[in-house]
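Asker: I need the structure of the sequence given here:
(chains A and B)
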Amino acid sequence: MSTIQRLTGMQDILPGERPYWDWLAATARDVALRYGFQRLDIPVLEDMRLFERGVGTGSDFFVQKEMYTIDEGDGQFITLRPEFTAGMVRAYIENGLFNETQPVKLFTIGPAFRRERPQAGRFRQHTQFNCEILGEDDPAADVEVMMLGRQYLRELGYRGVNFQLNSTGCPQCRPAYIEALKQYLADHVDDLAEVDRERLRRNPLRVLDSKEPGMDELLAGAPHSADYLCDDCAAHFAQLRRLLDALQAPYTVNYRLVRGIDYYVKTVFEVWAEGIGAQAAVFSGGRYDGLAEAIGGPPTPGVGFGSGFERVILGLQEQGVEPPPLPQTAVMIVHFGGETKVEAVRLAQDLRESGISAWMAFARDRRSMKSQMREADKRDVLFTLILGENELQNREVAVRPMAGGDQTMVARDDLLEWLQEHSA
RNA sequence: GCGGCUGUGGUGUAGGGGUUAACACGUCUGGUUGUGGCCCAGAAGAUCGUGGGUUCAAAUCCCACCAGUCGCCCCA
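Answerer: Okay, here's the model as predicted:
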């Protein structure tokens, strides 16, 4: 019988990697709260139609989205969330958060699922830190989520946070831009690779982030969306840049940065990392003023970002940044079987109930002290507590500091206090 | 969905048609009477990814599949 193994694209997070994960989660939470964001958790499963309307634009396109969908058999289809924004907006509408003081600033952390072929920095289940500002169209809100994301990365010790930034207009001004772009690409169709011709046909904006060779030169002469913005979008973008400049936040206007769906408007931004593979965005977001309506809610402007833990960890590791270590276990209790074992069990319980972390040596039969000491060493504890017949007799415990120093006898009754004093 | 590379004990590797698959690290036990890190000794642990084929003989060659990895597509 073959062993059952992990599903493709899924990951176990082993104890050794835990410090990174805890660190990211704690930092994300701290920073989000400081920026005035409140946590909102949404279900992992949603009605498929949420993503159909909230993400897809056509059936062809939708099928390619590679979501995990379950047929409930009663006509309902439910989907493992492939992203957060649609669900966050759904929750905002469904719970009437538009009745609260606007804007509402929300964050969440959790897994999302996409059925894609895994590669560096891309898994079928990934963990995302997500922040949204709903009910506000002021470019200062765009700046706020960008700064939140930057601060999060900075506090993790991430170096070189530089925004890729673009404005892709709105349903009023974008069509003219797309026409101009299509015209330009059509004029150069002979120089386009097959995949890019296909993109031109299906989603022309996507040609802009083509990885085909020679596209840098070809696209250098292409029209830029920023030059086609309507007055409203242009003013929004101008103020966004002015605010970023005022903060001296480094950014690069990248006219090839796009989002190919209608309700994404105006601002688009990403932060790229080097050395983590082809999936280089550690942080990406933008404005989606049309999304709430698309899923059947009241018109609600929104801006936000998502950032995958896995990629950020890859980036941090690439930069040699290490997380703060988990706290050391305070003690390991070593004993000699018989009555000393009974007392050891009692002592371990005592310590743990008093808030002191403790290991206890397990041994069916009497195990050599050397062996137990070796274990204590491997467990990396602060102190080893030795509980033998003598100690039991005298109601005391031998306390050995594992980092060096003198071993001392401590009365059983004073042990708690002693440890609290010395392990702080 | 497509393509490149990879697949030997927990990890990293060596080997390479001929019968006990090697090494390092790790793990465990012991090195006399109750004491860690170094050192020493020993032990456990691999049907060499799976299935099929070629052969007297396959972990070694061939094919398929699976998995991993990197990339393409897609990227909400």
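
Asker: so what's A:I109 bridging to?
Answerer: Under DSSP bridges, the beta-bridge partners of A:I109 are A:F129.

Asker: surely it meets A:T27?
Answerer: No. Judged on C-beta atoms under 8 Å, A:I109 makes no contact with A:T27 at a distance of 10.7 Å. For glycine as for every other residue, the C-beta is placed from the backbone atoms N, C-alpha and C.

Asker: pLDDT-wise, which helix or strand of chain A ranks last?
Answerer: helix A:59-63 (a mean of 52; mean pLDDT, DSSP states H and E).

Asker: after that helix, next one along is what?
Answerer: strand A:69-71 (DSSP states H and E).

Asker: that following strand - what's its average pLDDT?
Answerer: In this model, strand A:69-71 has a mean pLDDT of 90.

Asker: what does it contact?
Answerer: The contact list for strand A:69-71 (C-beta atoms under 8 Å, 6 or more residues apart in numbering) reads A:L45, A:M48, A:F77, A:I78, A:T79, A:L80.

Asker: the same query, at a cut-off of 7 Å, please.
Answerer: Strand A:69-71 has contacts (C-beta atoms under 7 Å, 6 or more residues apart in numbering) with A:M48, A:F77, A:I78, A:T79.

Asker: and what of stretch A:306-322?
Answerer: Contact with stretch A:306-322 is made by A:20-21, A:24, A:83-84, A:121, A:123, A:126-130, A:149, A:156-159, A:273, A:275-276, A:279, A:282-285, as judged by C-beta under 7 Å, 6+ apart.

Asker: so of the residues you listed, which ones are in strands?
Answerer: Under the assignment DSSP state E, the contacts of stretch A:306-322 contribute A:H126, A:T127, A:Q128, A:F129, A:N130, A:V282, A:F283, A:S284, A:G285 to strands.

Asker: centre of the chain to stretch A:76-86, how far?
Answerer: Offset of stretch A:76-86 from its chain centre (C-alpha atoms, centre = their mean, to the nearest Å): 17 Å.

Asker: next, the buried residues of it.
Answerer: A:I78, A:T79, A:L80, A:R81, A:P82, A:E83, A:F84, A:T85, A:A86 (16 or more other C-beta atoms under 10 Å).

Asker: in contact with A:Y263, which residues?
Answerer: Applying C-beta under 7 Å, 6+ apart, the residues near A:Y263 are A:Y288, A:D289, A:G290, A:L291, A:A294.

Asker: quick check, A:E293 in a helix?
Answerer: Yes. Assigned with DSSP: H, G, I helix; E, B strand; the rest coil, A:E293 falls within a helix.

Asker: got the contacts of strand A:69-71 as TSV, with distance to RNA strand B columns?
Answerer: Output for the contacts of strand A:69-71, formatted as TSV (distance: C-beta to the nearest atom of the strand, whole Å):
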residue	distance to RNA strand B
A:M48	11
A:F77	14
A:I78	14
A:T79	9
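
Asker: ok, and the closest non-adjacent residue to A:D289?
Answerer: Leaving aside its sequence neighbours, A:D289 sits nearest to A:P301 (C-beta to C-beta, 6 or more residues apart in numbering; 4.3 Å).

Asker: does the nearest residue to A:V253 once chain neighbours are set aside sit in a helix, a strand or a coil?
Answerer: Spatial nearest neighbour of A:V253, chain neighbours left out: A:L165 (5.5 Å); criterion: C-beta to C-beta, 6+ apart. The local conformation at A:L165, judged by three-state DSSP, is strand.

Asker: I'd guessed A:L165 sits against A:Y255; true?
Answerer: No. With contacts counted by C-beta atoms under 7 Å, A:L165 stays clear of A:Y255, the gap being 9.9 Å.

Asker: which of those two has more neighbours?
Answerer: A:L165 (24 against 18; other C-beta atoms under 10 Å).

Asker: beta-bridge partners for that one, please?
Answerer: A:V253, A:F269.

Asker: so for the residue of the stretch 151-300 of chain A found nearest RNA strand B, what's the nearest residue that isn't a sequence neighbour?
Answerer: Distances between the stretch 151-300 of chain A and RNA strand B by C-beta to the nearest atom of the strand are smallest at A:G277, namely 2.8 Å. Excluding the flanking residues, the one nearest A:G277 by C-beta to C-beta, 6+ apart is A:A120, at 2.8 Å.

Asker: how many neighbouring residues does the one you found have?
Answerer: Neighbours of A:A120 using other C-beta under 10 Å come to 14.

Asker: roughly how far does A:R287 sit from A:Q420?
Answerer: 53 Å (C-beta to C-beta, to the nearest Å).

Asker: please identify the helix or strand for A:L385.
Answerer: Residue-wise, A:L385 maps onto strand A:383-387 under DSSP H and E.
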